[in-house]
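**Student:** Below are the sequence and a predicted model for it; my questions follow.
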There are 2 protein chains.
Amino acid sequence: MILTVTPNPAEDLTWHVDRLRPGETHRVGAGASRAGGKGINVARVLAAEGHDVLALATAGGATGTVLADDLEHSGLRHALVPISGETRRSIAIVDEATGETSILNEHGAALSPSEAADLLAEAARLGRTASVVVISGSLPAGLEPDAVASLVAELIAAGVAVIVDTSGPGLIAAARAGATVLKPNRDELEAVTGESDPVAGARVLLDAGAHIVVVSLGAEGLLVLDATGAARGIRARLPKPLHGNATGAGDAAVAAIAVALAEHPELRAAGDADSTTDTTAARTAMARRAAAWSASAVLMPLAGALHPDHAALEAEVVVTALEPQESA
Amino acid sequence: MILTVTPNPAEDLTWHVDRLRPGETHRVGAGASRAGGKGINVARVLAAEGHDVLALATAGGATGTVLADDLEHSGLRHALVPISGETRRSIAIVDEATGETSILNEHGAALSPSEAADLLAEAARLGRTASVVVISGSLPAGLEPDAVASLVAELIAAGVAVIVDTSGPGLIAAARAGATVLKPNRDELEAVTGESDPVAGARVLLDAGAHIVVVSLGAEGLLVLDATGAARGIRARLPKPLHGNATGAGDAAVAAIAVALAEHPELRAAGDADSTTDTTAARTAMARRAAAWSASAVLMPLAGALHPDHAALEAEVVVTALEPQESA
């Protein structure tokens, strides 16, 4: 079982306008509402691909009820930790003329100390029965990076692979706790490490204690680096980038990484000096699938779904070894 | 008692952004959600000013529950006709840098024939016990202008004053049904009558059967015309327009008109040839208050509220008689 943890989920609301004109009034069709947040998107992808997955999230207020109802309706297996604050909203306004999407992301309610403790305890309890735990998205106020790091360390010690896809202090704390995989994008990596070169930035996280760092580069694919150094780094990308809705592309990559870790436990030791040819093959397959799933998510209107042709895309992905000292 | 009827209410959602940048992602604070729709805004103003008011609206789906909860919480006396569709949303994004508000108005769910019949029957039943009925806002699909006109005619025949503030075919149908007051804005009036001059447009509605037409002109105040011709028309405006949030200004004017009709039943006969000096004074007072309440609503951040200084504003309003053939 793969467990996804979403500490700061959202009710995702999407409207389409013919043309967004700031300051004007627009007549629009009914907006679409659904349960969102990075870990929930990861879980949707995994469930759609036939994997055994459980989505853990917080939920509170009227929007929390909408979130719970949508998860119930979608059939996604889930567990919700009740909070007294309102689950946040994320608003997407799609301009049909330009294809651009304007997004408003609410910060999200702060967790009380007991709510944060409940979420961490539930993640630890459920996570111990999982092969892989994915912790995705922003950490709400009240959920301290150090507390998340303790959860990561506890799960790693219990033999569970842990993927962390967050930004800011939580990312570096997860590295120090020995997370199996971190998946920052280029901006998140630079914000935390100060390195504008993704390879250099990834090395900072590897040196801090992460086993594998996957850097998502949008249309340029992704990099996979592990703790043995840049010579083992690989880059995976499509020959031609696809255009569409980038929201959820990173979550699809995380889903692919979770499947790879569940199916190839040897990947968890990828940073060790005794990694084998098998490990190298598994790492290449992981990079290939992550790039393909990420690209296929771009073709879909909503986050949390893959285009049906993702297997064909996987065959098109070009995987190359990074030369020592190569920059991205 | 004053009854307001809102056939197409909305959950009003408002977010504030530092600067709205189309195509970009914005971090925002929690949005504000509350029950909205023109008739509900009118009722809020009336209740806040101490008048006996009942707000009738439709409600359906998760947003209908939010609407009902907010009405319950606000203490506004209300009656809701359940519908199977979702109550629509109206989204306002306030740009703090420019002061501009971008609005997305959902169309609203269609009413089934039985839902439309339920709403009309409830409006007729409650309306017969009211002194004034206000029908405000757009008509959802499934609620035919002719059916609304029948309701107007039935209430007028029962001695109830009826104010209709809508646009499109419903406006002309209400005129033909003999509505006591119609309150289009300049654009709505031109769309229905084809007349770019508000005085000429108002005459079209008066000729069709309306007793009084109040044309709201935004910062330029408002016009009041009745069925005896342009010589009886008056204009009311502040010497200097106020700047702020125009949403709800028209609803505040409608609330003032409803109070005037409730307190001065002789206004309902303002179109008759035997109108007296008292009627003229009451009509002038109505115009003065409508202009002041409308302007004072502009000073408030949310629709459905008046600035506490509205009585002082009322004294500042300048009321002038329109000369025969004067254009606005």
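**Tutor:** Now that the structure is in, tell me what you want to look at.

**Student:** A:G159 - that's part of a strand, no?
**Tutor:** No: residue assignment for A:G159, taken from DSSP: H, G, I helix; E, B strand; the rest coil, gives coil, which places it outside any strand.

**Student:** residues in contact with it?
**Tutor:** Contacts here follow Cβ atoms under 8 Å, 6 or more residues apart in numbering or on different chains; on that basis A:G159 touches nothing. In short, each C-beta sits where N, CA and C put it, glycine included.

**Student:** For chain B, see how far away it is.
**Tutor:** Taking Cβ to the nearest Cβ, to the nearest Å as the criterion, A:G159 is separated from chain B by 37 Å.

**Student:** Show me which residues of the stretch 51-200 of chain A are close to chain B?
**Tutor:** The interface of the stretch 51-200 of chain A toward chain B, taken as Cβ under 8 Å from any Cβ of the partner chain, is made up of A:62, A:65-66, A:69, A:86, A:88-89, A:91, A:93, A:95, A:98, A:100-107, A:109.

**Student:** Show me which of those are buried.
**Tutor:** Neighbour-count burial within those applies to A:62, A:65-66, A:86, A:88-89, A:91, A:93, A:95, A:101-106, A:109; the criterion is 16 or more other Cβ atoms under 10 Å in any protein chain shown.

**Student:** Sitting in strands, which of those residues do you find?
**Tutor:** Those of these mapping onto strands are A:88-89, A:91, A:93, A:95, A:101-106, per DSSP state E.

**Student:** from those residues, which two are the most distant?
**Tutor:** A:R88 and A:D95 (23.1 Å; Cβ to Cβ).

**Student:** And the longest helix along chain A, what does it pack against?
**Tutor:** Using DSSP state H to define each element, chain A has its longest helix at helix A:277-298. Here helix A:277-298 touches strand A:212-216, strand A:222-226, strand A:229-237, helix A:249-263, helix A:310-316, strand A:318-321, going by 3 or more Cβ pairs under 8 Å, 6 or more residues apart in numbering or on different chains; DSSP states H and E.

**Student:** will you turn these into JSON lines that also has mean neighbour count?
**Tutor:** Shown next, in JSON lines, are the helices and strands packed on helix A:277-298 (neighbours: other Cβ atoms under 10 Å in any protein chain shown):
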{"stretch": "strand A:212-216", "mean neighbour count": "26"}
{"stretch": "strand A:222-226", "mean neighbour count": "26"}
{"stretch": "strand A:229-237", "mean neighbour count": "20"}
{"stretch": "helix A:249-263", "mean neighbour count": "27"}
{"stretch": "helix A:310-316", "mean neighbour count": "15"}
{"stretch": "strand A:318-321", "mean neighbour count": "14"}
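
**Student:** ok and the residue in the stretch 201-328 of chain A nearest chain B?
**Tutor:** Closest approach between the stretch 201-328 of chain A and chain B, counting by Cβ to the nearest Cβ: A:T247, at 9.4 Å.

**Student:** so that residue makes contact with A:A92?
**Tutor:** Yes: here A:T247 lies in contact with A:A92, judged by Cβ atoms under 8 Å, at a distance of 7.2 Å.

**Student:** How are the helices of the stretch 101-250 of chain A distributed by residue range?
**Tutor:** Remark: helices assigned in the stretch 101-250 of chain A by DSSP state H, counting those that start in this stretch are A:113-127, A:145-157, A:169-176, A:186-193, A:198-208, A:249-263.

**Student:** quick revisit: shared neighbours of A:T247 and A:A92, anything?
**Tutor:** Shared contacts of A:T247 and A:A92 (Cβ under 8 Å, 6+ apart): A:101, A:103.

**Student:** Thought A:G142 was touching A:P113, still the case?
**Tutor:** Yes: applying Cβ under 8 Å as the test, A:P113 and A:G142 come out as touching, 7.0 Å apart.

**Student:** Between these two, which has more neighbouring residues?
**Tutor:** Neighbours of A:P113 and A:G142, each counted by other Cβ atoms under 10 Å in any protein chain shown, are more numerous for A:G142; the result is 19 against 11.

**Student:** what about A:A246, how many neighbours?
**Tutor:** When counting by other Cβ under 10 Å, one arrives at 16 neighbours for A:A246.

**Student:** cool, and A:R19?
**Tutor:** 11.

**Student:** ok, and the closest non-adjacent residue to it?
**Tutor:** Residue nearest to A:R19 in three dimensions, not counting chain neighbours: A:A97, with 4.3 Å by Cβ to Cβ, 6 or more residues apart in numbering or on different chains.

**Student:** tell me the contacts of A:A79?
**Tutor:** A:A79 makes contact with A:54-57, A:122, A:126 under the criterion Cβ under 8 Å, 6+ apart.

**Student:** Surely it is within a strand?
**Tutor:** Yes: inclusion of A:A79 in a strand is indicated when three-state DSSP is applied.

**Student:** and it, what are its bridge partners?
**Tutor:** On DSSP bridges, the residues paired with A:A79 through beta bridges are A:L56.

**Student:** How about the contacts made by whichever residue of the stretch 101-250 of chain A sits closest to chain B?
**Tutor:** Each residue of the stretch 101-250 of chain A has a distance to chain B, by Cβ to the nearest Cβ, and the smallest belongs to A:I103, at 4.3 Å. With contacts defined as Cβ under 8 Å, 6+ apart, A:I103 is in contact with A:90-93, A:247, B:24-26.

**Student:** which of those residues lies closest to B:T166?
**Tutor:** Relative to B:T166, the closest of the contacts of A:I103 is A:I93; by Cβ to Cβ it sits at 27.0 Å.

**Student:** pLDDT wise, what is A:G229 at?
**Tutor:** Note for A:G229: predicted pLDDT of 55.
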